[in-house]
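# no FASTA, just this:
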C-alpha cells in the first residue's frame, strides 16, 4: 500500500527549511510513499527550488496544500484552535479525516496540535484521552515504549489502564510481539507503593492480565526504564515528560563529554583512536534525534508530534515513525486490543 503523510510544513523552530528537506529525503528512502506539504505555498516552493532535490523525486509524489495561517509556538492552544482555523495544523489533520492522508505530523505547538487532532479526529471507542507515546533505547539493544509523555498531566486509574492497552497494541503491531510486557512506573516495585491512582491502575492491570488481555509485568522504577525488562512503561504525562527530558539531557551531556575528552590532549586522542568505533557506535545509539517522533495514541487516525527543535535528520526520523505506524496497522491493532478488553474498559470507567 502507498502511504501519504500530511506535513505541517510551518511548524517547529525553523519551519520549511527543515520540514521540506526532511520530506524530500523521506521520499528518497521510501518508494511507496508520498507527501502533502501543508503551509504557505510561497515558502514551500522557495524551499523546493532551493534544495533542487525535487528533480530526484517524482513531482507526482508531492502535493502542496495552501494554509492561510500559522500557529505560533507561544499561541494558547484553545485560542489557536478556535481562531486560526485556516492554519497549516488544521489543514494537515483535516487531510487525515478526509482520507487524503494516512497520517499527519507537526513540529509545532504541542498543545495546539493535540487539541486540533482531538477535536478533528475524536478518540477511539473506549478511550477517554489520547496519550503521547515515544521510544527510548534500552540496555538489551532494543527499544522501550513509554507513555504518556506530556499530553495528560493529571491521570486517573482508568486513563493509565487505557494507556497500557494502547501501548501494548502499538508494540504488538510495530515489533511483532503479541504479548509485550507492560510495566507501571512507580516509586517502588512493591504493590503497596504509589499514589491512589497508580495503585488502582495496578489492580485494573492485574485483573486484565488474569483475563489474558495484557501481559502486566508489575511496577517498575525509574532506573528500570532503560533495562529492557518491559517493552512498555506507563505513567502520567507529568512524570513521563520529566523522565524523557532527563534522558535526552543525559544523552546530550554524555555525547558532549566524549567529544570534549577526545579533543582534550594528544594522549587522550591517541587512546581514543583505538576505541573510536565503539565511541561512534555509542553516540549513534544514544543520539536523541534517532528517537524523535511521539505518536498520539487513541485517536481515529495516526498523528505524530516532532520536537520543535528537530533538524532535518530528526524530523525525518519522526516521518519514518508515522510511516511505520501506517504500514504496520497500528490503528487497527489498538482497536482490536480495545475490543478484546471491552469488559475491562467498562469496569475501569
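Yep, it's here. Values in this document were obtained by computation on a predicted structure and should not be read as measured data.

# name the SS class of residue 303, please.
Applying DSSP: H, G, I helix; E, B strand; the rest coil to residue 303 yields a three-state assignment of strand.

# wait, what's in contact with it?
93, 96, 103-105, 113, 117, 121, 295-296 (CB atoms under 8 Å, 6 or more residues apart in numbering). Using the backbone N, CA and C atoms, a C-beta is placed for each residue, glycine as well.

# restricted to strands, list those residues.
Assigned to strands by DSSP state E, the following of the contacts of residue 303 qualify: 103-105, 295-296.

# and residue 111, how far from residue 182?
As for residue 111, its distance to residue 182 is 27 Å (criterion: CB to CB, to the nearest Å).

# ok, now residue 127?
The span separating residue 127 from residue 182 equals 16 Å under the rule CB to CB.

# out of residue 111 and residue 182, which sits in the busier spot?
Comparing residue 111 with residue 182 by neighbour count (other CB atoms under 10 Å), the higher total belongs to residue 182, at 26 against 18.

# run through the bridge partners of that one.
As for beta bridges, residue 182 partners with residue 216, residue 232 under DSSP bridges.

# isn't it right next to residue 214, touching?
Yes. Under the criterion of CB atoms under 8 Å, residue 182 is in contact with residue 214, at a separation of 5.9 Å.

# got any residues that touch both of those two?
164, 168, 205.

# can I get those residues in a markdown table with neighbour count, pLDDT and distance to residue 230?
Formatted as a markdown table, the entries for the shared contacts of residue 182 and residue 214 read as follows, by neighbours: other CB atoms under 10 Å; pLDDT from 0 to 100; distance: CB to CB, whole Å:
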| residue | neighbour count | pLDDT | distance to residue 230 |
| --- | --- | --- | --- |
| 164 | 28 | 96 | 11 |
| 168 | 29 | 95 | 10 |
| 205 | 28 | 95 | 12 |
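
# list just the nearest of the residues you listed to residue 38.
For the shared contacts of residue 182 and residue 214, the closest approach to residue 38 (CB to CB) belongs to residue 168, at 32.1 Å.

# how about the helices in the protein?
16-29, 41-51, 77-83, 88-97, 110-121, 157-175, 196-210, 237-264, 266-285, 312-327, 330-340, 342-348 (DSSP state H).

# weakest of those in terms of mean pLDDT?
Mean pLDDT across the helices of the chain is lowest at helix 266-285; the value there is a mean of 54.

# residues near the nearest residue to residue 70 once chain neighbours are set aside, how many?
Setting aside the residues directly before and after it, residue 70 is nearest to residue 10 in space (CB to CB, 6 or more residues apart in numbering), at 4.5 Å. For residue 10, the number of neighbouring residues by other CB under 10 Å comes to 26.

# could you do residue 220 as well?
Residue 220: 24 surrounding residues under other CB under 10 Å.

# can you give me the pLDDT of it?
The score at residue 220 is 94. That number is its pLDDT.

# I'd say residue 298 and residue 124 touch.
Yes. The pair residue 298 / residue 124 is scored as a contact, 5.8 Å apart, by CB under 8 Å.

# of those two, give the one with the bigger neighbour count.
For residue 298 versus residue 124, neighbours defined as other CB under 10 Å are more numerous around residue 298 (28 against 19).

# contacting residues for that one?
With contacts defined as CB under 8 Å, 6+ apart, residue 298 is in contact with 123-124, 127, 129-131, 162, 166, 334.

# what separates residue 250 from residue 33, distance-wise?
The span separating residue 250 from residue 33 equals 34 Å under the rule CB to CB.

# which one's more surrounded, those two?
For the pair residue 250 and residue 33, the greater number of neighbours falls to residue 33 (22 against 13), based on other CB under 10 Å.

# my guess is the more buried one contacts residue 323, does it?
Yes. At 6.2 Å, residue 33 and residue 323 qualify as touching, with contact defined as CB under 8 Å.

# show me the common contact partners of these two, please.
3, 5, 26.

# most neighbours among these, which one is it?
So for the shared contacts of residue 33 and residue 323 (other CB under 10 Å), the most neighbours sit at residue 5, 27 neighbours.

# dig out what that residue forms beta bridges with.
Beta-bridge pairing of residue 5, defined through DSSP bridges, involves residue 35, residue 103.

# my guess is it contacts residue 96. True?
No. In this structure, residue 5 sits apart from residue 96 without contact. The criterion is CB under 8 Å, and the distance is 9.3 Å.

# show me whatever sits in contact with both of these two.
Taking CB under 8 Å, 6+ apart as the contact criterion, the common neighbours of residue 5 and residue 96 are 102-104.

# from residue 146, how far out is the closest residue to residue 88 other than its chain neighbours?
In space, and not counting its chain neighbours, residue 88 is closest to residue 67: 3.9 Å by CB to CB, 6+ apart. Taking CB to CB as the measure, residue 67 falls 32 Å from residue 146.

# alright, calling it a day.
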